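In: what follows is a predicted structure for the sequence shown.
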Amino acid sequence: MQIENLAEDPSVKRTNFLAAFLVAVSLISTGCGNSDSIKSLLLTATGRSSGSTFNLAGQDGQLQLTVFAIYNSGKRIDVTTASTFTVVNVCCDQNGNNLPPYGPTTVPINATGLMTAIAPLCTWTDAVVTTATTSAPANPPQWEYTGFYQTTANYRGFISQPVAIGVGVTASNSSPIGGCGP
């Protein structure tokens, strides 16, 4: 009986390659049990605020917007510079006029997520205190939105939760101490 060299047989080489390939795919696909893909986006704002209420206070007032991609594993990665922003004006200024559309002359957002107040707006009013003898603004002021810019971040098909941002560039006509907003 003659022993052949099976290592040189093409069908054995294909079988060995296929077996090695299947082992590699099996190891890769069972590595962690799931892929670490993006689950959601988180939009945060840093700057002048009163709790969860944000305000672009004063001419050239600024808020730093930061966008985090939240992964299934729980890790957070800052994706601000790779994100785009959508801004919708909601309602009115303190005089009841519609807010001007978002853009470079109102409250622009630069490539690093820095939002700046440019337009002379006040989207706040001081709550009116009504008693049997008086109807006057609260002192100290109790600020309420009259309108705001609703901002969301977009990254790789994901959209963040909205953040409401008021603008306090001009003086409020309802505040006994002047100013506009918290």
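Out: Noted; the coordinates are in hand.
In: how near is residue 73 to residue 38?
Out: Taking Cβ to Cβ, to the nearest Å as the criterion, residue 73 is separated from residue 38 by 11 Å. For every residue, glycine as well, the C-beta is placed using N, CA and C.
In: show me which of these two is the more surrounded one.
Out: Neighbours of residue 73 and residue 38, each counted by other Cβ atoms under 10 Å, are more numerous for residue 38; the result is 15 against 11.
In: ok, which stretches of the chain are helices?
Out: Remark: helices of the chain, listed N- to C-terminal, are 10-29; assignment by DSSP state H.
In: who are the contact partners of the closest residue to residue 87 other than its chain neighbours?
Out: Closest residue to residue 87 apart from its sequence neighbours, by Cβ to Cβ, 6 or more residues apart in numbering: residue 102 at 3.7 Å. Applying Cβ atoms under 8 Å, 6 or more residues apart in numbering, one finds that residue 102 lies in contact with 87-89, 149.
In: going by distance to residue 122, which of those residues wins?
Out: Within these, proximity to residue 122 (Cβ to Cβ) peaks at residue 149, which comes in at 13.2 Å.
In: check contacts around that closest one.
Out: Residue 149 makes contact with 87-90, 99, 102, 106-107, 164-167, according to Cβ under 8 Å, 6+ apart.
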